[in-house]
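In: kindly return the folded structure for what I paste below:
(one chain, ligands or ions: 1)
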Amino acid sequence: MLTTKSQDLFQKAQKIIPGGVNSPVRAFKAVGGNPIFIKSAKGAYIYDEDDNAYIELINSWGPMLLGHAHPKIENAVRNALEHSFSYGAPTRREVEMAEMIIKMVPSIEKVRMVNSGTEATMSAIRAARGFTNRSKILKFEGCYHGHADSFLIAAGSGMATMGIPDSLGVTKGVAQDTLTAPYNDLATVEMLISANKEEIACIILEPVVGNMGCVAPAQGFLKGLREICTREKIVLIFDEVMTGFRLARGGAQELYGITPDMTTLGKIIGGGLPVGAYGGKAEIMDNLAPVGKVYQAGTLSGNPLAMAAGLAMLHEINDNPQIYKQLDDICLQITEGIAEGCDDLGINYKINRVGSMFTLFFTDMEVTNFETAKTSDLAFFGKYFQAMLKRGVYLAPSQFESMFISTAISEENIKQIIKANKESLEEILG
Ligand SMILES: *Cc1c(COP(=O)(O)O)cnc(C)c1O
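Out: Next up is the predicted model:
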């Protein structure tokens, strides 16, 4: 596999863009080697600058649920294009978008459009703080909610009541308002709540985690959080930027039958264009300016091209509910095939899967939180990633990420992935 053009571009990029990339994980730091630069993509395939083809298992980190350059979405953007690209004034499509979101995610009574998942989550916690008049937030170790200061916090231990920033540039003042607990650990949540009585505005979580690799909520975890939040008048926020429209039409909340107070959306909702949204109970959302005193704004929010793409995506999903069964079938076949390859070769592994999200962890422990995810053999994963890439399968370049299946994956692609898995493992084992 020749990647000369990618290598040249990466050399140039590193001189003028920090690390050569506009989002850190793209740099392949966790797996070694240099990133490949992408030229185009269509359906199940992505093509690099050297014209190598790869089967897509990332799909832009989720948005391309229907595969790349889906004709319906492409047409919607083309049609919108003729009428200029931004007005900074309200439009018909924003009303249609809000109606569509509320129809598909019934816990949302009112919704605001923003330009990214990060904007959605940072605005949602501001709304929750404004609504409750409380300062602290509770998040879970290993959950990612975008790069706003309040979320870049890891606790020294689950017992810590004061957060330690995970990133330079996050002030101690901000960090001390973020409490963290291990995922799937209701006891620590209860402990933190009694230590911070009436100080916690919201609990925010990924109802199915994608950002420590795929981790499902344990039986009773979401229900337990729902009960705690109701009892303590804490706003329960499901960050469904990844899971929204992916695990079901109504996201993880539909799949597990738990109703949050607020929901954040992103990724799929923009069909590949930069879109995010946050919404929930009207009594919370009505605290936003211009009705209320919580300020949040955006020059490009509700952008006509982005709304056109997003609406086309949501209509396509809404009109074809069978895609969730299809996605589930494809992902099941892939993971069963991968598991068989691993078993044959005596690999230490665990596969976590929920619908069209899955992670192959190289560990023999059950992965239920960040602590157990970290028992994975990262060096082995790095070799596996490179071996798969060489065989034309584009995986997420980190052990702590989920794969995202699209409906564009064919039976033939599934066989190719399973074959590449077996050959890659054999190559590593020598
Ligand atoms: C990707 C992601 C975000 C951040 O969204 P951006 O559009 O990258 O800002 C937030 N929360 C979750 C769960 C995500 O997966």
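In: which bits of the stretch 151-300 of the chain sit near the ligand?
Out: 206, 210-211, 239, 241-242, 266, 276 (C-beta under 6 Å from any ligand atom). (Glycine included, C-beta is placed from N, CA and C.)
In: for the closest residue to E199 other than its chain neighbours, give the beta-bridge partners.
Out: Nearest in space to E199, with sequence neighbours left out and distances taken as C-beta to C-beta, 6 or more residues apart in numbering, is K136 at 4.8 Å. Residues in a beta bridge with K136, per DSSP bridges, are I200.
In: wait, doesn't K136 sit right on L179?
Out: Yes - between K136 and L179 there is a contact under C-beta atoms under 8 Å: 5.9 Å.
In: pLDDT score assigned to the closest residue to the ligand within the chain?
Out: When distances are taken as C-beta to the nearest ligand atom, the chain reaches nearest to the ligand at G117, 2.1 Å away. Here, the pLDDT recorded for G117 equals 98.
In: tell me who's in contact with it.
Out: Counting by C-beta atoms under 8 Å, 6 or more residues apart in numbering, G117 touches 145-146, 239, 241, 264-267, 276.
In: mind redoing it with 6 Å?
Out: 146, 241, 266, 276 (C-beta atoms under 6 Å, 6 or more residues apart in numbering).
In: equivalent analysis for A13, please.
Out: Each residue near A13 by C-beta under 6 Å, 6+ apart is listed here: G20.
In: quick check, it in a strand?
Out: No - for A13, which was evaluated using DSSP: H, G, I helix; E, B strand; the rest coil, the result is helix, with no strand membership.
In: any idea how far it lies from A27?
Out: For A13, the distance to A27 (C-beta to C-beta, to the nearest Å) stands at 10 Å.
In: same deal with F37?
Out: Taking C-beta to C-beta as the measure, F37 falls 12 Å from A27.
In: same check on N318?
Out: Computed as C-beta to C-beta, the N318 to A27 distance reads 37 Å.
In: next one: A309
Out: Using C-beta to C-beta, we find A309 at a distance of 27 Å from A27.
In: who's more crowded, the two?
Out: More neighbours surround A309 than the other of A309 and A27, with 26 against 19 (other C-beta atoms under 10 Å).
In: per-domain residue ranges of this structure.
Out: Using automatic domain parsing, the domain ranges for the chain come out as 4-69+322-429, 71-319.
In: got the end-to-end distance for the longest one?
Out: With C-alpha to C-alpha, to the nearest Å as the measure, domain 71-319 spans 15 Å from end to end.
In: offset the numbering so it begins at 33, please.
Out: Got it, the first residue is 33 from now on, which makes the last one we talked about domain 103-351.
In: where does the stretch 333-462 of the chain dip in pLDDT?
Out: Scanning the stretch 333-462 of the chain for pLDDT under 70 picks out no residues.
In: mind listing the helices for it?
Out: According to DSSP state H, counting those that start in this stretch, the stretch 333-462 of the chain carries its helices in the segments 336-351, 355-376, 402-405, 410-422, 443-461.
In: next, the angle helix 443-461 makes with the second one.
Out: Counting by axes from the mean of the first three to the mean of the last three C-alpha atoms, to 10 degrees, helix 355-376 points 30 degrees away from the direction of helix 443-461.
In: get me the contact residues on the stretch 33-182 of the chain for the ligand.
Out: In this structure, the stretch 33-182 of the chain approaches the ligand at residues 148-150, 153, 176-178, judged by C-beta under 6 Å from any ligand atom.
In: out of the residues you listed, which is most surrounded?
Out: The most crowded member of these is G149, carrying 30 neighbours; neighbours defined as other C-beta under 10 Å.
In: what's the closest non-adjacent residue to that one?
Out: In this structure, G149 finds its nearest non-sequential neighbour in G298, 3.1 Å apart by C-beta to C-beta, 6+ apart.
In: can you name the residues in contact with stretch 351-361?
Out: In this structure, residues lying in contact with stretch 351-361 by C-beta under 6 Å, 6+ apart are 280, 387-388, 437, 439.
In: okay, these in JSON lines with neighbour count and distance to G303 next?
Out: Supplementary listing: these in JSON lines, determined by neighbours: other C-beta atoms under 10 Å; distance: C-beta to C-beta, whole Å:
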{"residue": "A280", "neighbour count": "19", "distance to G303": "18"}
{"residue": "G387", "neighbour count": "20", "distance to G303": "19"}
{"residue": "S388", "neighbour count": "27", "distance to G303": "16"}
{"residue": "I437", "neighbour count": "29", "distance to G303": "17"}
{"residue": "T439", "neighbour count": "21", "distance to G303": "14"}
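In: now, among the residues you listed, which is nearest to I366?
Out: For I366, the closest of those turns out to be I437, at 7.1 Å, with distances computed as C-beta to C-beta.
In: in this structure that closest one contacts S388, no?
Out: Yes - using C-beta atoms under 6 Å, I437 is in contact with S388, at 4.0 Å.
In: now for the two: what residues contact both?
Out: With C-beta under 6 Å, 6+ apart as the test, I437 and S388 both reach 359, 363.
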